[in-house]
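Asker: predicted model follows, preceded by the sequence.
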Amino acid sequence: MATFYEFFAGGGMARAGLGEGWSCTFANDFSEMKGRVYGDNWGEDHLVVDDVANISTNQLPDVADLAWASFPCQDLSLAGNYVGIGHRATKAKSRSGTFWPFWSLIKRLSEEQRAPKIIALENVYGVLRANRGNDFKAISSAFSGAGYRFGAMVIDAKHFLPQSRPRVFVVGVQRQVQIDQEQLADHPNPVWHPKALCEAFELLSAEAKRKWVWWNLPIPPERTLTFSDVVSDRPKGVTWHTREQTGNLLSLMSAKNLEKVQIAKKSGERTVGGLYRRTRIEDGESVQRAEVRFDDVAGCLRTPTGGSSRQTILVVKGNSVRSRLLAPLEAAKLMGLDEQFKLPKRYNDAYHVAGDGVAVPVVRYLAKNLFEPILTAEQMSVAAE
């Protein structure tokens, strides 16, 4: 059975995605609330709720096959104004600067001859352009400096779930671990390596480029689950808006968005849309708008730092238009969690755990097509010696 450390673990969605063939030997998160959720679902045997900067290698048992780290993304996204991960000396000024104490642990494990065979980082798309690309450059130099062959992919959860959620995954493999040529490509694949990633690659140091690999992953089968499948007419944990509240949302829509609602009405079908409130500049003034999408894919779940970041759903059938907040269980399903997953009772906590996590089937996809083949080949190579 493969072993792993789960840093910035949240509710344990990486653990859920890796599955039964993997054994977690250490898990860490700073949030006490998330720690309770993790413990409720996975137990507390290997869980340490503390700042990663306070973790020592003495708390990390044996040698892990994989170290997974979904480090905080607030300063790497639009909401954080792309502040970035900062320099090691100034990491306290940036929440995403927690990357550096995590990487210090990796370096100390390496000094102890216990470096993980594979390291996987997950973060928002903004990591590619934060701090003019210097943050991604710094992360890449950290991998190459530690002797890892590495590469990055942008994987959108919409390939597996009805949620638009593009995330950057950086996967590094120890230089002595063999990688099957079928897992490597000679050039970027636009499905996993979009223009922004290729541009970020061009900014890397010569040493990082030498150790860079273009991961070759199969195209997943067409998704069958839709947003409408996830949204219930009898939700738990939320209530439908009043007619006045729904009318207020409609009044905040531009002509273009109101037209989307009219088209949904005319279809006569039950049509589900995801709606966010956003501030737009119109005629030189800031105007609050309600913007809806009816492509049967939810907008990207985010943490509920404010009312505008909580996704509202709009259900249209004929002339009936109803609205409400996304229910906690619906948010969990949009992340690939099943109904048995134990969410916090408070709405904002439940939404936070979901919105701050990694999509479960994306982790499973990476494990099946990358991590597990690499580790299996490594075990066979060692056994043959």
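Answerer: Here it is on my side, so go on. Numbering: from 1, shown residues only.
Asker: ok, which stretches of this protein are strands?
Answerer: 2-7, 22-29, 47-49, 66-69, 118-124, 148-156, 166-174, 184-185, 214-215, 271-282, 285-293, 312-317, 320-325 (DSSP state E).
Asker: out of the ones you listed, which is closest to residue 372?
Answerer: Set against residue 372 and scored by C-beta to C-beta, those come closest in strand 2-7, at 7.2 Å. Bear in mind the C-beta positions are built from the backbone N, C-alpha and C, glycine included.
Asker: would a markdown table of the strands of the chain with mean neighbour count, distance to residue 137 and mean pLDDT be doable?
Answerer: Output for the strands of the chain, formatted as a markdown table (neighbours: other C-beta atoms under 10 Å; distance: least, C-beta to C-beta, whole Å; pLDDT from 0 to 100):
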| stretch | mean neighbour count | distance to residue 137 | mean pLDDT |
| --- | --- | --- | --- |
| strand 2-7 | 23 | 22 | 98 |
| strand 22-29 | 22 | 26 | 98 |
| strand 47-49 | 18 | 31 | 98 |
| strand 66-69 | 26 | 18 | 98 |
| strand 118-124 | 25 | 14 | 96 |
| strand 148-156 | 22 | 12 | 98 |
| strand 166-174 | 22 | 12 | 98 |
| strand 184-185 | 14 | 22 | 97 |
| strand 214-215 | 21 | 17 | 98 |
| strand 271-282 | 17 | 31 | 93 |
| strand 285-293 | 14 | 34 | 94 |
| strand 312-317 | 22 | 38 | 97 |
| strand 320-325 | 17 | 39 | 97 |
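Asker: let me have the ones you listed in CSV, adding distance to residue 201 as columns.
Answerer: Compiled in CSV, the strands of the chain are given as follows (distance: least, C-beta to C-beta, whole Å):
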stretch, distance to residue 201
strand 2-7, 25
strand 22-29, 30
strand 47-49, 35
strand 66-69, 21
strand 118-124, 16
strand 148-156, 8
strand 166-174, 12
strand 184-185, 13
strand 214-215, 9
strand 271-282, 31
strand 285-293, 31
strand 312-317, 38
strand 320-325, 40
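Asker: which residues of the stretch 251-385 of the chain fall in helices?
Answerer: Counting by DSSP state H, counting those that start in this stretch, the stretch 251-385 of the chain has these helices, from start to end: 255-267, 328-334, 347-355, 360-366, 372-384.
Asker: what is the rounded mean pLDDT of the last one?
Answerer: On average, the pLDDT along helix 372-384 is 84.
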